[in-house]
Every structure is written in structure tokens, then in C-alpha cells.
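Chemist: predicted model follows, preceded by the sequence.
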Amino acid sequence: MSDATAAQAAPSTVEVTIDGVAVDAQPGELVIAAAERAGVHIPRFCYHERMSSVGMCRMCLVEIDTGRGPQLQASCMVPVSPQMVVDTASERTRRAQEGVLEMLLINHPLDCPVCDKGGECPLQDQTMAYGPGESRFVEEKRHFPKPIPISELVHLDRERCILCDRCTRFADEIAGDPLIDFTERGNDTQVLTFPGEPFSSYFSGNTVQICPVGALTAAPYRFKARPWDLAQTESTCTTCAVGCRIAVQSSRNELVRCLGVDIDPVNHGWLCDKGRFAYGSAGSPDRVTSPLQARSGGRVADIAAVEPMRNFEPSDWARALDAVAAAIKTARPGAIAVLGGARGTNEDAYAWSKLARTVLGTNHVDAQLGDGLAADITVGLGTATIDDACTADTTLLVCGDLREELPVLQLRLRGAARSGSTRLVEISPTETGLTRDAARSERCRGGEAAAVLRDLLDSDDPLSEELAAGSVVVVLGRSSVAESADAAAEVASVLADRVPHAKFLVAARRGNIRGALDMGLAPGLLPGRCLSADPTPALAAAWGELPPEPGHDAAGILAAAAAGDIDVLFLLGADPLTDFPDSVLARLGVAGARTVVAVDTFLNQSTIEADIFLPAAAFGEKSGTTTNFEGRVSELSELVTAPGSSRPDWMIAAGLAMLCDADLGFVSVSEITAEIAAVCETHAAAMGSPVDGDGVLVSGAAFEPALPPAHVAPPRDAYGLRLVCNRKLYDGGVTVAQTPALASLRAETALRVHPIDLERVGVASGTEVEVHSERGALRLLIVADSGVGRHNAVLAFPSPELDVGALIDATATVTDVRIETRGTQEPAS
Amino acid sequence: MSFFTEENRALAGEIIGRYPKRRSAMIPLLHVAQGQAGWVTPEAMTEIAELVDTTPAEVLGTCSFYEMFKREPVGKYLVNICVTMSCALAGAVELMEHAEERLGVRAGGTTPDGMFTLASAECQAACTEAPCLQVNYRYRYRVDTEGFDQLIDDLASGSLAGEIPQHGITARVRQHIPADRAVGAVPPAEVNEAPVWLAAPAPNGAGPA
């Protein structure tokens, strides 16, 4: 029988009987999962539907009869088979459950009253539901020092551990960071890290969430609240553009915890630690919670670094907004610009987009800070979803290190590669978090991925056949901010030409960047994914006349501001001095604008230069919708009150419009949502009615993005190295700096080069050297890293302590650097 | 810098080359590490993790599962006296008391000169020869107190060096597989003929130490 007929003959369901009820199970489905779907809950500790079964805890023992009489078997280890009869409530099952619980509790301390898990503890709950009521054990329990920190974020209490293998399995199978493991044997078995090597996984917080007892606790949440006192809402994480579904919890109007929510299309219940713990920044004492205006005497430069608040005097909304309105009214036509908007909701972005176009009369808006792909490519090219990328025959990765930029996407792709559902092919300047799981990983010089790809497709390399033969998803992004966005766009050109059936997933990075671009916060774009030159009729009717001249992007805005051509510069949650690749231009631009208005939560490098600071509401403090990098719209919920007089961005836009004698036409978030649904055909379904947890994918755009023609590779500096500025999860941005739990995790910045290149430079790894680009110079440590491709010099951006942007010229295609070793200091041996 | 000697590093490379997956070489490399230092040092575990492309935590997890991998320094000679039933009936308790007095350490301790570690052991499957003990896992049968003293004297004087290597060396002839008998790293799915050693000649003279 051929495979095809075998597949036809295979039954699509398997009929089993669970507690006397006939159930149609999927072939290969585990008994515990089939029972769950049929509404029969079998107690369990170690079983987790997103991980492989191990049968460690024995709690799911039930009587299973496969024709040889009923036997007690672990239902998480037995797949269904035809005519199987399962009894989850028999006397023998009940006695087995009692026995298992009595055994699990032999060594488990009864410290529930002081345990963070108490009240939401599976062991506590199932002991109440299935336990024997009392124990026959009178012996002394096993003792360990408690708790021990196994990382900066996670504490381990080994006395409470029931050895279910969930955390260790997660670390190995899902995260790929097996930094915790069972050690010792028998009665001494315990989960531990290697001495001196902490559990410093980007995903460590997930182990706390899936621990079925109180053995693993998160440092930021320890003793903060009791579960029954928590208020909770389901929301969507906006720390990066993956848009993981998240449960946000608060106690006494303070965010205290975030948990991952399992949705199929996106995060499968997992979160990265930045997403899980960044809520801590909302309550930071440095948060600015009332409007500020620059001190009339001018800035005190040397004080700014130490005591930024002394540059400002307290204001209130009436005075601050009046000052902004006055600046707007006196501005020359076309001399107003808005930078940012990726931090807010879709509604915030829409309100600011409408304010800019209809009230401020400007097209100079850009939610990206020169660190993404061109807006029309981000909006118009991407049609693939995460699921598409996880099931394509080949998924081509030409983007930054997803582990650092979009961590949960890396988890999904890693899982897909390991299960064999896709084959990863990577072209990047350095090794990434997915290199180990990629079927193929090619190194390229920074900015030359397109050339490498073209050479591969032109040669007799099997890659071109593989790409031609099956479905292809390309995860496209900017692997370095030291190269221009055209480098990635050129990859798209090459693929559109040679592999026309390839679908793209644009790995836009920042929070709600996709939503901001969809709402028109980009020069040349308008809400509903249409071009400014060609607005949809509904939008044209609603917005009326639009500013005629084309707008500048972030680089153009900053250049215009530096030239004195921008009178009012709005920084809408944007920190160009940190995030714009060319920090020299960013500094000149922010300094050159006549009036800088910051709408933000913190004083950062850029907003400290503001003339007027308007405090904004942050994550958890406002409702609305957000759009992830696939284009999936999902809901954000408000749980706590914004501190002080902070307001959501849209409300600030509406207030400003009124002071400028205009009316944006909405006074609540729901009115904006309705207006978006009405004027944006693309978003009619997603925003016209409440969306469920999975969100609604908004697909299609009203235009085809213009891909740049293939260009000649930039000249190489034969003696230099190509600068690659890649992102780190714990970066130099303000979110990490203001989150107590994460601030200490930022890595020291060093220049990483291939050992052979380091040899050519002629210094030892760990030496302090001077790095020169055409733009500037930096003194920093140089270290050897065999994961870096030849001729590259890799530097994290933005760095907490170094002005890496000083090396980068925003107008250059690539940045080459030379290493000066004069006056170097050898590392202390 | 590196833990392994140059020779053992080469051996490690050879061992790793035998497996389709590097991780499979973890336990053989732990043996090499213990053979080199007499116990498995943290540095050894870190280096093995690097060699087999995993984390030190996983090496520790594996290493600590096996009682015969020692993660604390032990003496040159590890003396395991069986104290389970048959040996206990045949005088093992008295033998242990004598051993403790003779060596000046309690069971589990190591003599200050680093020569002997005394340990009590569970049944060593030599009940017909009770009381029995092992020195670095080499059996000594029907040991009485005089026999024990003689054994310690011989070990201390070095006259048994040829018979009992220092702790950590489980066998003297091992690990190096001649090329004509080596299968090499073949993924199981790709095996389509009998392994080469089926047809290879019998080894001449090579046997366990």
C-alpha cells in the first residue's frame, strides 16, 4: 500500500470511552489530553500540553483498559487506541491518587501560609481535591537552605520541589538554555544550576509560571501579594512587536505580576523575561507624572546629567498645553514634526496621525527611528504569519538576532525547527540564537546578505532548488542599524525576482510599530495601509484636505531640525538620542528644533532636552488595541490608574486639537476604535467588533511596496572591519534601565570580532582599543568571538554606557571601522 | 588554561568523533577527566560541556547521578569496605573499625597525606568471599585485619602500583580503538551494512588491566 492510500485508510478519529462516555479522540492524542477535551479533568503536575510528556509525577494515574483488563497507567504517557476504556474516577484510581499525593507530600513543607504560590498552587488545590486528608508519615522532612537565587530573577526553594521536571524540561526543550538540571540521585535529587553559572535565560520567568508548587518564585513578585487579592485583566504585551498574550495582575492599584496566556497563533503561553518583568518600570520613582516646562533660565548642562529634574519647573496641563499650542500657532508652515508613536495603542497612533495631518498640517511623521525597514515595505510586504513561518518548507532568516529582538518568535521558530515542521536557513553577519537549530547558517559581511543570497541562488548550490520546490517564508529585518535599510530591502528584491512564491514576515521590532505604521505614522502612509498620494475615499471624506507636500522620515526630520527648519518637534515616546543610529545627527536635530515637546513617561537622553514634557500613560494604564508585527490586532486592557496626571497619548492629541481650534471628533477610546473601523477598510473587521484573545489578523494593503533595484555592493575598506550594530534584549533603553529587576542584567559593551581578525589587529582579547569610523571614534574593549563572521565588528546598540551611534552615519549604506591599537591597555592577566 | 592535558584533549577529540551527537561523549569524557585528576573537578565539567556542546549544568546533572564519579577530591586509593549483610556477618564491622583506627580517619574521610579514602559500601556482589573490599574498584577477598594492614603497607610502599592504578583510572587499555575496528560516527538511520568490527580480526593481546 502506498503512503497516500495508507493516509486515506487511517481513521481520522479514534473512539475511546472515558468515564462511560464515548469520545472521538485524535490519533496519537494522549489520554489526558483527550479527557481534557471531553471535559474530564485528570489531575497532573508534570504534564504540560506544550512540552513532551515524561510521566514523572504519577498524579495522572487512571485505570485504562485496552482489552487486557483495567490497569493503572499514567494518562500523560498513553496515547489513545481504539476501544480503549478509561476510568478516571474508579476506586483504584482514587486510591492511587491519594497514594501519589501522600508520597509527594513526604518532603513537601507545609509552609503554604508564607508561600507565594499559596492560593493558586496546583499541589495545594489537588491535595484538597484528591488527597488522603492526612499523612501516615511522621518522620522529619528533608531540609535545604531556602530559598537560593538561581538567577537575578528566579529563586529556588528545593524543599518545596516535587521534581516534576517542568522547569528543567522547559529550559532544555523550549528555551534551549539547559542551565538548570536535576543533580544528585535518589532521595537527594534536586534541581540546581552549575555553581557560578546562573539560570540567566531570557525565558527564565516561564519556569516560575509553570512550576506546580512554590519551588520557583520570581524575585520581583516575592511576598508582594496574595493571589486572591489580585485584580487581573487579559491584555497584550507591547514590549516588543511579537504581541504575546499576557495576563496583567495588580494589587492596590500597582502592577505586580504578568503571566503568559496560551494562544495558538502567537506565544503558546510563553513570555520573555523583558515582557514579563518590564511592568516594574511603570512604578519607578523616576517616572514623570505631571507636566514639566523647561526652566526659563535655560539648561544647566553639567547638572542635567546628575539631576535632570533641575532643568525643569513643575507645570500643569493647562499651562503646558497652552505653551504647546502657542508654539504650534507660531510655527512656520510645514515646520512641525512628530517622531515616535510605536509605544502607544493603535488609537493613540490614529489620533496623532490625524492631529498631524488635519490640525498641524504636516506629513513629517515617523514612528520608526531610522532603525527599521522602509515603512511601505513593513506595511505592504509582510503577508506571512508566525504559523506560516513555523510550517513553511523553508524559512529563510535574514534579520537581526531574533533571540534579542523578538524572543518569543525565536521560541516558536526553534520549536518548529526541532519538530521538523520547518527548515531554517539563516544568512547573518554573526551567529544568532537560532544558529544551532538552523539546518544551514551562512555568514556574510554586514549589509551584504543580498549579495550572499544572490551568489547562492546563481550557483549550483542546492538552496535554489530547495527554495523553488517548496513553500518559503522569509523573516526579513534589519540585522544591524549600522547599515542602511536598503540592505534588507535588497534581499526582498532578490527574492521577489528569483523566488516569487516566497512570503515575507517583516520582523519589525518596537512595541506597536506595525500598528503605528498602519495608522499612518510614517511619511507617505495614511491609516488603513494606503499611500498619502492615494487615500481611500472613506479616509479622504473623513479627514478632508491633507497636507500636499511629502513628509520627511526620521532621518529627514532630524536633518531638517538640525538645519533650523523645524519649529516644533514632538517626541511621542521616542528617544532619538538613544535609538536613532546616527547619534550625532540625533543630537543636532533635537538641539536644533525651536520647541521640543516630549510625550513620555521618563526623562531620557532626548526628553531631557524638551521644552515641554507631557506625562503619558503607560502599559496597563490604558485600553485600546495593538497590532503585532504580523498585522494581528488584539486588545490592550487598562488595569491600574495612570500615576499623577499622566494621560494616554490620544487624549493629549485631542486636547491639543481643541486648543488649536479644531476637533478630532472623538472623546473616548471606543470612539476612535469605531472611527478607525469606519475609515480603514482593512481594519473594518478587526476593529469593528471586540476581538477575542487570539486577535484578528489584518491582511492586505492598498498598495504594492516599491522594492529598490539591486544596487552595487558598497566599496569595502580592505583594512577595516564592517561595523554590525545588533540589538540586545536588555539594551540601553529606558524601559530596562527603569525596571529594577532587569537593569543589572545589561551586558557590558565590547567590540566582538572573529579570532582571525583579532589576530590581524594584533592585540589580545580583552584589550582596550580605539575604534574609528569616518564619523567618530570610541574607546572600548575588543574581544574574540568565533561566532562572528569574518570581517565584521559587532557592537550592541543602544549601549547603556557607550555612544555607539557616534560611529554611524545615517546617510551611509554601511559603516566600516578601523581599530587603532596605539596606547592600548593589555588585559590584566 | 584548559583542564585536559594535551594528550587527553586529543583523546577527547577521538572519543567525540565516535558518536553522531557530541553529547553522547559526555560520560566517556567524565571518565577521562576523573582519570586525569582522580576526581571530576568543576573546571573539568565546564570544559566537557564546551567540548560536547552543552551546558555545565547538564554535565553536573549527569556526573552527579553516578556515584562513582567523585566531585570532591579523594585519595590515591579509594578503599570501599562492604558492610552489607554477608560481609557484616563475616566481620566487616570489626574490619571497618580496624581500618578507621589504622588509617586514622572515619569512613568517608581521606588521610591527610591524600593516599587513602575510606568508605563503607553496599553489597559488592562477592558474598562468597566475605568480608570483601575494593581498592579503586579492584577486589580483595576475605580480608582480615592483618590482611588489611598488609594491603595498606603494600599500597603505601608502591608494590601494588602495577596492579592497582590510582583512583580515577578504571582501565589502562581503553579508549583507543584501532582504525580497522572503528565504526566512526554514523547516524543510525544511515547504517546499511554490518559494522566493520564484525569482520575484523580478534584483538591480539589487548585485555583489561
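Modeler: Received it, and whenever you're ready, just let me know what you need.
Chemist: which residues of chain A score low on pLDDT?
Modeler: Scanning chain A for pLDDT under 70 picks out the ranges A:1-11, A:297-306, A:710-713, A:823-829.
Chemist: and if we set it to 50?
Modeler: Along chain A, the model assigns pLDDT under 50 to residues A:1-7, A:829.
Chemist: just chain B next, same as before
Modeler: Applying pLDDT under 50 to chain B picks out residues B:205-209.
Chemist: backbone dihedrals for whatever residue of it ends up closest to chain A, please?
Modeler: Nearest residue of chain B to chain A (C-beta to the nearest C-beta) works out as B:G61 at 3.3 Å. Every C-beta, even on glycine, is put in place using the N, C-alpha and C of the backbone. When read as degrees, to the nearest 10, the backbone of B:G61 gives phi -60, psi -40.
Chemist: nearest spatial neighbour of it, skipping sequence neighbours?
Modeler: Once flanking residues are discounted, B:G61 sits nearest to A:D181: 3.3 Å by C-beta to C-beta, 6 or more residues apart in numbering or on different chains.
Chemist: contact partners for B:A88?
Modeler: Residues in contact with B:A88 (C-beta atoms under 8 Å, 6 or more residues apart in numbering or on different chains) are B:P131.
Chemist: tell me the SS of it?
Modeler: helix (DSSP: H, G, I helix; E, B strand; the rest coil).
Chemist: give me the distance between it and B:C123.
Modeler: According to C-beta to C-beta, to the nearest Å, B:A88 and B:C123 sit 10 Å apart.
Chemist: quick one: the residue nearest to B:G61 and A:T168 touch, right?
Modeler: Yes: with contact defined as C-beta atoms under 8 Å, A:D181 counts as touching A:T168 (5.6 Å).
Chemist: which neighbours do those two have in common?
Modeler: A:V191.
Chemist: more neighbours: which of these two?
Modeler: Neighbours per residue (other C-beta atoms under 10 Å in any protein chain shown) separate A:D181 from A:T168, with A:D181 holding more: 25 against 22.
Chemist: against which helices or strands is the host helix or strand of the more buried one packed?
Modeler: Assignment of secondary structure by DSSP states H and E places A:D181 within strand A:180-183. Counting contacts by 3 or more C-beta pairs under 8 Å, 6 or more residues apart in numbering or on different chains; DSSP states H and E, strand A:180-183 packs against helix A:166-169, strand A:190-193, helix B:56-65.
Chemist: nearest to A:A642, of the ones you listed?
Modeler: With C-beta to C-beta, the closest approach to A:A642 among these belongs to helix A:166-169: 35.5 Å.
Chemist: so which bits of chain B are right by chain A?
Modeler: Counting by C-beta under 8 Å from any C-beta of the partner chain, chain B comes close to chain A at B:42, B:45-46, B:54-61, B:64-67.
Chemist: let's see that with 7 Å instead.
Modeler: B:P42, B:M45, B:T54, B:T55, B:P56, B:A57, B:E58, B:L60, B:G61, B:S64, B:F65 (C-beta under 7 Å from any C-beta of the partner chain).
Chemist: quick one: buried ones out of those residues?
Modeler: Using 16 or more other C-beta atoms under 10 Å in any protein chain shown as the burial test, those include B:P42, B:M45, B:T54, B:T55, B:P56, B:A57, B:E58, B:L60, B:G61, B:S64, B:F65 as buried.
Chemist: so who does the third one touch?
Modeler: Remark: with contacts taken as C-beta atoms under 7 Å, 6 or more residues apart in numbering or on different chains, B:T54 is in contact with A:P178, B:R23.
Chemist: likewise for the first one?
Modeler: Contacts here follow C-beta under 7 Å, 6+ apart; on that basis B:P42 touches A:P195.
Chemist: for the fourth one, same thing?
Modeler: B:T55 is in contact with A:P178, A:L179, B:A49, counting by C-beta under 7 Å, 6+ apart.
Chemist: where does A:G275 fall, helix, sheet strand or coil?
Modeler: When classified by three-state DSSP, A:G275 comes out as helix.
Chemist: what's the separation between it and chain B?
Modeler: Separation of A:G275 from chain B (C-beta to the nearest C-beta, to the nearest Å): 24 Å.
Chemist: mind giving me the domain ranges of the chain?
Modeler: Using chain A. As given by automatic domain parsing, the domain ranges for chain A are A:14-104, A:314-372+A:512-697, A:384-506, A:721-825.
Chemist: to clarify, I was referring to chain B.
Modeler: With domains defined by automatic domain parsing, chain B comprises B:6-71+B:171-199, B:77-157.
Chemist: picking up where we left off before, okay if I get the helices and strands packed on strand A:180-183 as JSON lines plus distance to A:R647?
Modeler: Output for the helices and strands packed on strand A:180-183, formatted as JSON lines (distance: least, C-beta to C-beta, whole Å):
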{"stretch": "helix A:166-169", "distance to A:R647": "41"}
{"stretch": "strand A:190-193", "distance to A:R647": "45"}
{"stretch": "helix B:56-65", "distance to A:R647": "47"}
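Chemist: compare those and give me the one nearest A:L517.
Modeler: A:L517 sits nearest to helix A:166-169 of all the helices and strands packed on strand A:180-183, at 38.4 Å, using C-beta to C-beta.
Chemist: the closest one close to chain B?
Modeler: No: counting by C-beta under 7 Å from any C-beta, chain B is not contacted by helix A:166-169; separation bottoms out at 8.2 Å.
Chemist: can you tell me the closest non-neighbouring residue to residue 64?
Modeler: I went with chain A, as the question did not name one. Using C-beta to C-beta, 6+ apart, the nearest residue to A:I64 is A:Q73, at 4.7 Å.
Chemist: can you look at chain B instead?
Modeler: B:S64's closest residue in space is A:T183 (C-beta to C-beta, 6+ apart), at 4.3 Å.
Chemist: report how many residues lie close to the one you found.
Modeler: 20.
Chemist: list the residues that contact it.
Modeler: Residues in contact with A:T183 (C-beta under 7 Å, 6+ apart) are A:Q190, A:L192, B:L60, B:G61, B:S64.
Chemist: list the contacts of the second one.
Modeler: Translated: A:L192. Counting by C-beta under 7 Å, 6+ apart, A:L192 has contacts A:I180, A:T183.
Chemist: residue of chain A nearest chain B, please.
Modeler: A:D181 (3.3 Å).
Chemist: surely that residue meets B:T62?
Modeler: No: A:D181 is beyond contact range of B:T62, at 8.2 Å (criterion: C-beta atoms under 7 Å).
Chemist: follow-up on the earlier one: turn the domains of chain A into TSV, columns for distance to B:P178 and mean neighbour count.
Modeler: What follows is the domains of chain A, written out as TSV (distance: least, C-beta to C-beta, whole Å; neighbours: other C-beta atoms under 10 Å in any protein chain shown):
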stretch	distance to B:P178	mean neighbour count
domain A:14-104	40	18
domain A:314-372+A:512-697	57	23
domain A:384-506	34	21
domain A:721-825	33	19
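Chemist: could those go into CSV alongside distance to B:A33?
Modeler: Shown next, in CSV, are the domains of chain A (distance: least, C-beta to C-beta, whole Å):
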stretch, distance to B:A33
domain A:14-104, 29
domain A:314-372+A:512-697, 46
domain A:384-506, 24
domain A:721-825, 24
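Chemist: show me the one of the ones you listed that comes nearest B:Y141.
Modeler: Here domain A:14-104 is closest among the domains of chain A (C-beta to C-beta), at 40.4 Å.
Chemist: any idea how far apart the tips of that closest one sit?
Modeler: Taking C-alpha to C-alpha, to the nearest Å, domain A:14-104 runs 34 Å from one end to the other.
Chemist: repeat for stretch A:329-348
Modeler: Termini of stretch A:329-348 sit 23 Å apart (C-alpha to C-alpha).
Chemist: cool, and stretch A:667-686?
Modeler: Start-to-end, stretch A:667-686 (C-alpha to C-alpha) is 21 Å.
Chemist: name the residues that touch stretch A:56-70?
Modeler: Outside stretch A:56-70, the residues within contact range by C-beta under 7 Å, 6+ apart are A:31-32, A:42-47, A:71-76, A:78, A:81, A:83-88, A:90, A:92-93, A:96-97, A:100, A:126, A:162-165.
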